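structure here, sequence nowhere to be found:
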């Protein structure tokens with residue numbers, strides 16, 4: 001069992017958690033997840049919390065393949081009002097911030113966010129891990145090869161499992177050396193990996209249990225699903241549930257999803273299966 005100290009709120013991971021995705025961007029790969037107004041964010045957050053989300057992951061930067069970056073200042077203009085509104089209306093919710101900018105992480109945590117979710121594992125901003133250490137919040141460290149603009153052209157690995165495990169060993173040691181004990185690892189499905197590599201990672205997800213950290217699986221509605229099935233992204237919920245089930249069977253502790261209700265149902269059935 002793992003525990004996370006989220007600014008004084010202790011989360012015990014006795015069962016898999018669900019992280020609901022709140023995208024404050026008009027460039028997300030899944031149109032159904034794009035939110036443009038504070039009122040829409042509030043309504044979506046209310047729906048997700050009602051459906052049982054344990055964490056809400058708020059992001060203002062699109063990181064889909066070939067996406068265009070926005071500045072830290074632009075991110076903050078979208079994130080800070082949303083954080084203020086969410087904390088006022090949902091005081092019990094744990095807010096995660098999806099950013100690779102240390103400045104954004106700092107200001108959002110000071111405004112009430114309790115987890116930092118960094119797709120680059122500190123590679124795109126070398127101040128990120130030292131900043132998170134000072135903030136004293138859990139850190140989601142994701143593996144990505146390259147950067148979002150080019151990552152799908154950088155999918156060559158000699159040994160993908162070894163390279164990613166070695167990456168996490170180094171990052172966990174860096175975090176530990178700076179005083180970050182609550183590290184969550186995310187293999188980064190779709191970030192510098194092709195479809196067959198994503199499925200291979202999922203098949204061997206249990207190898208990451210050797211790191212003795214919670215494993216986050218972010219598979220929701222990704223191209224591995226809709227391209228394999230040759231369907232629109234809007235029709236990829238069923239496929240998401242299938243891959244989330246496999247992730248749970250292979251050791252995932254957190255599911256990062258667009259569809260909270262279905263993920264909670266998946267976990268409930270997974271637990272019933274485990275207790276049978």
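Yep, it's here. The structure presented is a predicted model; accordingly, all values stated were derived computationally and were not measured.

what's the nearest residue to residue 112 once chain neighbours are set aside in contact with, if anything?
Closest residue to residue 112 apart from its sequence neighbours, by CB to CB, 6 or more residues apart in numbering: residue 87 at 4.4 Å. Quick note: C-beta positions are derived from backbone N, CA and C, even for glycine. Each residue near residue 87 by CB atoms under 8 Å, 6 or more residues apart in numbering is listed here: 93, 95, 111, 112.

tell me which helix or strand the second one sits in.
When you say that, I think you mean residue 95. Assessed by DSSP states H and E, residue 95 sits inside strand 94-98.

in its sheet, what does that strand sit against?
Its sheet considered, strand 94-98 pairs with strand 55-59 (parallel), strand 115-118 (parallel) by DSSP bridges.

how many neighbours does residue 18 have?
24 (other CB atoms under 10 Å).

next: residue 88.
Per other CB under 10 Å, the neighbour tally for residue 88 reads 10.

what helix or strand does it sit in?
helix 72-89.

tilt between that helix and strand 55-59?
150 degrees (axes from the mean of the first three to the mean of the last three CA atoms, to 10 degrees).

hey, where'd the helices end up in the stretch 1-150 of the chain?
Along the stretch 1-150 of the chain, counting by DSSP state H, counting those that start in this stretch, helices occupy 38-50, 72-89, 102-110, 128-135.

those helices: which one's closest to residue 206?
helix 128-135 (26.2 Å; CB to CB).

residues in contact with that closest one?
100-102, 105-106, 109-110, 116, 118, 120, 122, 139, 171, 174-175, 178-180.

sorry, back to before: what is the nearest of the contacts of residue 87 to residue 14?
For the contacts of residue 87, the residue nearest residue 14 by CB to CB is residue 93; the value is 18.8 Å.

can you get me a residue count around that closest one?
20.

try the one 5 residues further on
Using other CB under 10 Å, the number of residues around residue 98 comes to 28.

the one 4 residues further on too?
For residue 102, the tally of surrounding residues (other CB under 10 Å) stands at 23.

distance of it relative to residue 132?
Applying CB to CB, to the nearest Å, the value for residue 102 to residue 132 is 8 Å.

residue ranges with poor pLDDT in this protein?
For the chain, residues meeting the criterion pLDDT under 70 lie at 26-35, 63-67, 149-153.

all strands for it, in order.
2-6, 9-13, 17-23, 55-59, 94-98, 115-118, 139-142, 183-186, 216-217, 254-257 (DSSP state E).

got these as JSON lines, with distance to residue 47 columns?
Converted to JSON lines, the strands of the chain look like this (distance: least, CB to CB, whole Å):
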{"stretch": "strand 2-6", "distance to residue 47": "22"}
{"stretch": "strand 9-13", "distance to residue 47": "21"}
{"stretch": "strand 17-23", "distance to residue 47": "9"}
{"stretch": "strand 55-59", "distance to residue 47": "11"}
{"stretch": "strand 94-98", "distance to residue 47": "16"}
{"stretch": "strand 115-118", "distance to residue 47": "20"}
{"stretch": "strand 139-142", "distance to residue 47": "23"}
{"stretch": "strand 183-186", "distance to residue 47": "24"}
{"stretch": "strand 216-217", "distance to residue 47": "22"}
{"stretch": "strand 254-257", "distance to residue 47": "13"}
